[in-house]
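*Asks:* Here's my sequence, what's the structure:
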Amino acid sequence: MKKIIVFGAGLIGARHAQSVQNHPACHLIGVVEPNTELHSDPSIKYYSDIREFTAFVDGAIIATPTYLHAEHGKFAAQKGWDILIEKPVTETLEQAQVLNQVIAQTGVATLVGHHRRYHKRIQDLKNIIKSGAIGNPVTATLIWAMCKPDAYFKGNWRSTGGSPVMINLVHDLDVLRFIFGNICDFRALGSAHIRKAGRVESGAVLLAFDSGVTAAISFADTTPSPWGFEAGTGENPNIATTNQDMMWITGTNGGISFPSMTKWGGAADWSKAPIPHTLPYEITVPLDEQLNHFVAVMERKSDPLMSVLDATKTLDITLKIDALLTQEEQR
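*Replies:* Model (predicted):
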């Protein structure tokens, strides 16, 4: 049994704790959470300060606000604990570089929680593109749009740092990196005209990949749309499921939409209508699959699907896009 401690009891931390409790190879030692109002599960031992915790653990899951990731990651690494750290890996590139150095010095195993890589459908989608089933990939179009409740931003760090770029778009950027490889160029425009809270809340991003593929992302956290990864896949119990597609990929021999896994083909040119075919797929719980992988990483039976070093590359492009969007909005 792997003894696990979770840092953070917020929306994602609570889900991690539940996943650990349900895992046959893991034992939840406790949850570190300074906000006692979040000490809500009687089956969990809570600690208000990590200094209260003295027991041995095998691994730490860090699900605290992003600005604390580097501090908590270094603390865990220096304790010799293997680490699963939520995305974004850190708040800044400098923090990520320091964390990478500490990890190299301590030799702990690490994994970053870009959990969408653990959806079987995403892995299948990547393999379909790689196999040439739709020819050479040409474009990708992605929508992430939902209406976050006002309570999401009140009385916490999101009131000033709650832009969907670093919280949500980082996931979509990583999915596109996972499927298509390195992003070599981008353009972005943002807006904050609905809430007027001083943070970018909607916009559009254009991406270019080394392979020649281009992608367009439309995003907003102010609109109750049916299009978004969480809504389409039903992965988040806090977000209503719509089962609507939210990503469309075109290739020289057809295309495919996600998450329905509808493959379009059979047309050589515009004189013939493409024929749709829904591919079979398996629904998995990504946080559970990620925890399975974390156990294998802790046991040194597997390399991390998303290392701190790889996550730093996703962080780099996301920070650059966020900076450009903020700059454009302030003009």
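
*Asks:* which stretches of the stretch 151-300 of the chain form helices?
*Replies:* 158-161, 164, 170-180, 229-233, 286-298 (DSSP state H, counting those that start in this stretch).

*Asks:* Can you tell me which of the ones you listed is most buried?
*Replies:* The highest mean neighbour count among the helices of the stretch 151-300 of the chain, using mean count of other CB atoms under 10 Å, belongs to helix 164: a mean of 24. Backbone N, C-alpha and C define where each C-beta goes, glycine included.

*Asks:* Can you tell me which of the helices of the stretch 151-300 of the chain is nearest to residue 269?
*Replies:* helix 170-180 (24.9 Å; CB to CB).

*Asks:* Only C-alpha atoms, please: export that closest one in PDB.
*Replies:* What follows is helix 170-180, C-alpha atoms only, in PDB (Å, rounded to 0.1, in the frame of the first residue of the first chain):
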ATOM      1  CA  VAL A 170      -3.500  25.300 -20.100                       C
ATOM      2  CA  HIS A 171      -5.300  21.900 -20.300                       C
ATOM      3  CA  ASP A 172      -6.400  22.400 -23.900                       C
ATOM      4  CA  LEU A 173      -2.900  23.600 -24.900                       C
ATOM      5  CA  ASP A 174      -1.400  20.500 -23.400                       C
ATOM      6  CA  VAL A 175      -3.900  18.200 -25.200                       C
ATOM      7  CA  LEU A 176      -2.900  19.800 -28.500                       C
ATOM      8  CA  ARG A 177       0.800  19.400 -27.600                       C
ATOM      9  CA  PHE A 178       0.200  15.800 -26.700                       C
ATOM     10  CA  ILE A 179      -1.500  15.100 -30.100                       C
ATOM     11  CA  PHE A 180       0.500  17.300 -32.500                       C
END
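
*Asks:* List the contacts of that helix.
*Replies:* With CB atoms under 8 Å, 6 or more residues apart in numbering as the test, helix 170-180 has contacts from 87-88, 114, 116-117, 122, 125-126, 129, 137, 140, 142, 144, 183, 207, 209, 211, 213, 215, 217, 219, 229, 247, 249, 306, 311, 313-315, 317-318, 321.

*Asks:* hmm, 7 Å instead?
*Replies:* 87-88, 114, 116-117, 122, 125-126, 129, 137, 140, 142, 144, 183, 207, 209, 211, 213, 215, 217, 229, 314, 317-318 (CB atoms under 7 Å, 6 or more residues apart in numbering).
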